[in-house]
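Q: Please work out how this folds:
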Amino acid sequence: MQNELELVDPDPINYEFSCIRASQPIGDIFIASIPYKTLIRISYFDVRRVLQEERDVERYLGIQRPLEDKRVRSLSEYVNYKDASFPTSIILAIEEEYAVFHDKTNTMTVSNKRAEDESPSIAIGRLARVLDGQHRIAGLNAFKGATFDVPVTIFVGADISDQAHIFATVNLEQTKVQKSLVYDLFSLARTRSPQKTCHNIAVALDRDKKGPLHSRIKRLGFATEGRVFEPITQATFVEALMPYLSSSAKKDRDDLLRGKPLEKAVDSDLYRMPLRNLFVAEKDLEITEIVSNYFDAVRKKWPVAWDEHGRGMMLNRTNGFRALMRFFRNAYLDVAVPGEVPSAQKFYDRVFRPLDIKDEEFTTENFVPGTGGEARLYRVLRKEEELR
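A: Numbers count the residues shown, from 1 in each chain. Presented below is the predicted three-dimensional model:
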């Protein structure tokens, strides 16, 4: 059966929208504001057929970058948040015979028929090829609001080689944004959120001169000038702590933006997220103190391993930190009920002092780099596996 997107419509369909022309070395481009329903109707990419297929332009380039179902689901949720926004342009390519720019009115008309024809010659759903922004358009299919106008850059009459060049420029030469920078930017938000709270805790612990994590957290994903040992990125810290505060950080942030009260954790959720109710009660200082006391007990138990800067040791590095944060739930619930602030001494006496692991045993031979070493350390801390 022929794909419904490729079926030519029986009647002419026209869409007109505001548009301006911009002249660039590649030629004229057109910058428009298009309502989301119109954008969905006229654009095409392989998600509207099969999620796993690569797009024509990518085949032309000899690369494969299929649409990611996980990212589509994430954007489908995001578009319905109170502060949802797509400020950067989606990039489309339209054949020149199906698009007309009107200089006097600064508008563009796109149609499923050529100007000289009386009947359509292309399916309206195959009118505009997506060069960049396919995930955003797929996410907009789930939008439940009334208005979502999308900034769009349109190339009219670009041949496949030009489209391939544009795709390569946009998708292959962009610099990936550091996760730590993203979390750092949450600090500028006026509204509370799990992300902002975890960022603030990371900053506070990094600045605490007497604390166990002083000057050890790399703020923006890059080394801080004047420091010689920053083994933990801010993104690693935030992503390890956040699950104890929230099961859906994005939803919590959206609820707070809308002025909705957050749900407290009860029953099994309270043991899965033992710091949740402290966060809901805006007791961020208590959360900070709990995390600081926990790592202070780690430092007291293994002072040499904790302060070791040389190669071959792992306790104070990324996989050691992640294993300790996985173990945090077990340790915290062993010394307190959710909401209490146990002292470092209590963490030490009840949790760490009984453990039979020596400083010199936190080697990369015993705990290999990466998730394997992290998982083994977690099992050893839980006494599910013998080290020797």
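Q: Give the partner strands of the longest strand seen in the chain in its sheet and their orientations.
A: As assigned by DSSP state E, the longest strand anywhere in the chain is strand 14-24. Partner strands and pairing direction for strand 14-24 (DSSP bridges) are strand 27-35 (antiparallel), strand 107-111 (antiparallel).
Q: what distance separates the start and the end of stretch 254-266?
A: For stretch 254-266, the first and last residues are 21 Å from each other (CA to CA, to the nearest Å).
Q: Kindly report the same for stretch 227-247.
A: Stretch 227-247: ends 34 Å apart by CA to CA.
Q: sorry, back to before: now distance to residue 357 too, for the strands paired with strand 14-24, in CSV please.
A: Quick note: C-beta positions are derived from backbone N, CA and C, even for glycine. Formatted as CSV, those follow (distance: least, CB to CB, whole Å):
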stretch, distance to residue 357
strand 27-35, 60
strand 107-111, 67
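Q: Same list (those strands) but as JSON lines, adding mean pLDDT, mean neighbour count and distance to residue 218.
A: Below are the strands paired with strand 14-24 laid out as JSON lines (pLDDT from 0 to 100; neighbours: other CB atoms under 10 Å; distance: least, CB to CB, whole Å):
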{"stretch": "strand 27-35", "mean pLDDT": "93", "mean neighbour count": "17", "distance to residue 218": "38"}
{"stretch": "strand 107-111", "mean pLDDT": "95", "mean neighbour count": "20", "distance to residue 218": "47"}
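Q: now the stretch 51-200 of the chain, which segments are flagged as low pLDDT?
A: Along the stretch 51-200 of the chain, segments meeting pLDDT under 70 span 51-67, 160-161, 164-165, 167-189.
Q: which outside residues touch stretch 247-255?
A: Applying CB atoms under 8 Å, 6 or more residues apart in numbering, the contact partners of stretch 247-255 are 77-78, 81-83, 191, 193-195, 242, 246, 261-262, 269, 272-273.
Q: so which of the residues you listed comes closest to residue 376?
A: Distances from residue 376 to the contacts of stretch 247-255, taken as CB to CB, are shortest for residue 272 (23.0 Å).
Q: is it true that that closest one touches residue 245?
A: No: the criterion here is CB atoms under 8 Å, and residue 272 misses it with residue 245 at 11.2 Å.
Q: who has more neighbours, the two?
A: residue 245 (25 against 13; other CB atoms under 10 Å).
Q: which ones are touching that one?
A: 194, 197-198, 273, 275-276, 279, 287.
Q: The stretch 201-350 of the chain: strands as residue ranges?
A: Per DSSP state E, counting those that start in this stretch, the stretch 201-350 of the chain carries strands over the ranges 217-218, 232-233.
Q: what's the distance between residue 158 and residue 103?
A: Distance, residue 158 to residue 103, by CB to CB, to the nearest Å: 20 Å.
Q: Any idea which of the strands paired with strand 14-24 gets closest to residue 339?
A: The closest of the strands paired with strand 14-24 to residue 339 is strand 27-35. By CB to CB, the value is 47.9 Å.
Q: Please put the alpha-carbon coordinates of the closest one into CSV.
A: C-alpha atoms of strand 27-35 as CSV (Å, rounded to 0.1, in the frame of the first residue of the first chain):
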residue,chain,number,x,y,z
GLY,A,27,21.7,32.3,-1.5
ASP,A,28,18.4,33.7,-0.1
ILE,A,29,16.9,32.1,2.9
PHE,A,30,13.5,32.8,4.4
ILE,A,31,12.8,33.2,8.1
ALA,A,32,9.2,32.5,9.1
SER,A,33,6.9,31.9,12.0
ILE,A,34,4.8,28.9,11.4
PRO,A,35,2.0,27.5,13.6
